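Asker: Below is the structure, and that's it, no one-letter string:
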């Protein structure tokens, strides 16, 4: 059981880092809001994967943050 939790936590952290990296690469030099605490509060790995995809596809940082607050994804 602890091993499964460790795997889930590692996958979660990796996905969050992927989201932040995609946003940084796409939207720098714009100031980045501190999204890590918000993302860390999401336990649903599928939701995080959807957000990673959204980070790669968003036209603007504002579009991504709107997606972040949209629970229907």
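Answerer: Arrived safely, thanks for sending. Not measured: the values here are computed from a predicted model.
Asker: just the helices in this structure please.
Answerer: Using DSSP state H, the helices found in the chain span residues 2-27, 36-40, 45-57, 61-69.
Asker: Just name the most buried of these.
Answerer: Each of these was given a mean neighbour count from mean count of other C-beta atoms under 10 Å, and the largest, a mean of 17, is that of helix 45-57. For every residue, glycine as well, the C-beta is placed using N, CA and C.
Asker: tell me the angle that helix makes with helix 2-27.
Answerer: Angle, helix 45-57 to helix 2-27, by axes from the mean of the first three to the mean of the last three C-alpha atoms, to 10 degrees: 20 degrees.
Asker: Residue 37 and residue 59: what is the separation?
Answerer: Using C-beta to C-beta, to the nearest Å, residue 37 is found at 25 Å from residue 59.
Asker: confidence score at residue 7?
Answerer: Residue 7 carries a pLDDT score of 84 in this model.
Asker: Revised request: answer the last question for residue 21.
Answerer: With respect to pLDDT, residue 21 scores 93.
Asker: next one: residue 42
Answerer: According to the prediction, residue 42 has pLDDT 95.
Asker: ditto for residue 48
Answerer: With respect to pLDDT, residue 48 has a value of 97.
Asker: Contact partners for it?
Answerer: Neighbour list for residue 48: 12, 15, 16, 19, 39, 42 [criterion: C-beta atoms under 8 Å, 6 or more residues apart in numbering].
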